[in-house]
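[1] Give me a 3D structure for the following:
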Amino acid sequence: MPNNGTSAAAAATAAATTATPVVDVPRGLAGVVVTDTALGDVRGQEGFYHYRQYSAVELARTRSFEDVWHLMVHGELPDAARAAAFARETAGMRVLPDDVRAALPAIARAGAVSGPLAGLRTALSLFGASQGFRPVYDIDAGRRRADTLVAAAVVPTILTALHRLGEGLDPVEPRADLPYAANYLYMLTGVEPNPAHARAAEQYLISTIDHGFNASTFTARVITSTGADVVACLVGAVGALSGPLHGGAPSRALDTLDAIGTPDRIDPWIRERVLAGGRIMGFGHPVYRTEDPRSRMLRGIAEGFGGPLVKFAVEVERQVEAILAELKPGRELHTNVEFYAGVVMELCGLPRTMFTPTFAAARVVGWSANILEQAEDSKIIRPAARYVGAEPPVAVPTLH
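    Residues are numbered from 1 along each chain as shown. Prediction:
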């Protein structure tokens, strides 16, 4: 009779001959293609990205947030009549159910330190349970699309309510007569926004709807591949976005401007940081090897407003790029979206604690589109890992 070790080895050998071949890939899956998508792409060498067949920057410059939302979930830009109908449909979904609204004060108190983005995970889970969301595996494409629309529509309502409650203020109910971005600013401040501020915020929101298979989007797709419900997928994506290496940089870029303080301190402050091996927040991107097209667009929006903050930011950008070119020759390091996003949001009156939540208010549409696309594929995403621990099998020690 064979011993257990021999049996285990034989079983392992047999499994190895029948299992899917293991393929080594770069750390972080950098450059690894995991699926096909019709939603868009990022061309890092060109400094270009697109939503479906359209330039994302051109969409931000020429269309409304609702138009681009329609493009992402329905696959086409709407004409005037369908655009108005879609805007009315989604605006009517912004109001929270009574049971979710009633729970927000407790969620805000519990998340007083962690903030609205952490509270969004809890409130969104409650919303999904309250509305009886079913697994995407068990529902048809029409029901999935409806679920993504209503879930995305309530995200700004939840975020702004949690922020205001955290500040000791009453939440502001959404207005169906305002576009997505203007309504977001209105719910945040309680005042109908200046049209220029609303449009600037809208352009920022459009520019950050989607951006390839970033960590939060990939997380949403992995969860979708299990057949889970739409809200479960979105909550996972929010969790990924909350990490400072993904969605937490816009306010940190402004913190850098504050730390530098004055133009005469730019050169010594940056040189000291770079020579010490520190990171300059708002500069560099894992994909772009040229200027980030989102940064270029947002810089133009900021310069349209003008003022001391914008002038200082532009000068910091100029000197940082020159110093980085001197100290790190051969590397292309430019501002990324977070640098001027922080400037634009500050000019539009958003508090810094709401910068990353505002990112989520845009990206929820991109997540939704990815959820819908992934739900069409019944294959679960299940990669492998290489075991590097102690060599098994080792006898389990007995207790003495």
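[2] Quick one: residues contacting Pro171.
    Going by CB atoms under 8 Å, 6 or more residues apart in numbering, Pro171 touches Arg101, Leu104, Thr160, Ala161, Arg164, Leu165, Met187. C-beta here means a position set from N, CA and C on the backbone, and glycine is covered the same way.
[3] Buried residues in the strand or helix carrying the second one, which are they?
    The one in question is Leu104. Per DSSP states H and E, Leu104 falls inside helix 98-110. Buried residues in helix 98-110, counting neighbours by 16 or more other CB atoms under 10 Å, are found at Val100, Arg101, Ala103, Leu104, Ile107, Ala108.
[4] out of the residues you listed, what pair is the most spread apart?
    Val100 and Ala108 (12.7 Å; CB to CB).
[5] returning to what we had before: which of the contacts of Pro171 sits closest to Pro174?
    Nearest to Pro174 among those is Met187, at 5.9 Å by CB to CB.
[6] Which residue is the nearest non-sequential neighbour of that closest one?
    Thr160 (3.8 Å; CB to CB, 6 or more residues apart in numbering).
[7] Tell me how far the host helix or strand of the one you found lies from the chain's centre.
    According to DSSP H and E, Thr160 maps onto helix 141-166. With CA atoms, centre = their mean, to the nearest Å as the basis, helix 141-166 stands 15 Å off its chain's centre.
[8] Does anything pack onto that helix? Which helices or strands?
    In terms of contacts (3 or more CB pairs under 8 Å, 6 or more residues apart in numbering; DSSP states H and E), helix 141-166 is packed against helix 65-74, helix 80-91, helix 98-110, helix 116-131, helix 180-189, helix 230-241, helix 355-375.
[9] Those: which one's closest to Pro26?
    Using CB to CB, the helices and strands packed on helix 141-166 put helix 230-241 closest to Pro26, at 19.3 Å.
[10] Heading C-terminal from that closest one, find the next helix or strand.
    Toward the C-terminal end, the helix or strand that comes next after helix 230-241 (DSSP H and E) is helix 249-260.
[11] Starting from that next one, tell me the next helix or strand along the chain.
    Note on helix 249-260: by DSSP H and E, the next helix or strand toward the C-terminus is helix 266-275.
[12] Put the alpha carbons of that next one into PDB.
    Provided in PDB are the C-alpha atoms of helix 266-275 (Å, rounded to 0.1, in the frame of the first residue of the first chain):
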ATOM      1  CA  ILE A 266       9.900  75.700  -5.700                       C
ATOM      2  CA  ASP A 267      13.400  74.800  -6.800                       C
ATOM      3  CA  PRO A 268      14.900  73.900  -3.400                       C
ATOM      4  CA  TRP A 269      11.800  72.100  -2.200                       C
ATOM      5  CA  ILE A 270      11.600  69.900  -5.400                       C
ATOM      6  CA  ARG A 271      15.300  69.200  -5.500                       C
ATOM      7  CA  GLU A 272      15.400  68.100  -1.900                       C
ATOM      8  CA  ARG A 273      12.400  65.800  -2.400                       C
ATOM      9  CA  VAL A 274      13.700  64.300  -5.600                       C
ATOM     10  CA  LEU A 275      17.200  63.700  -4.400                       C
END
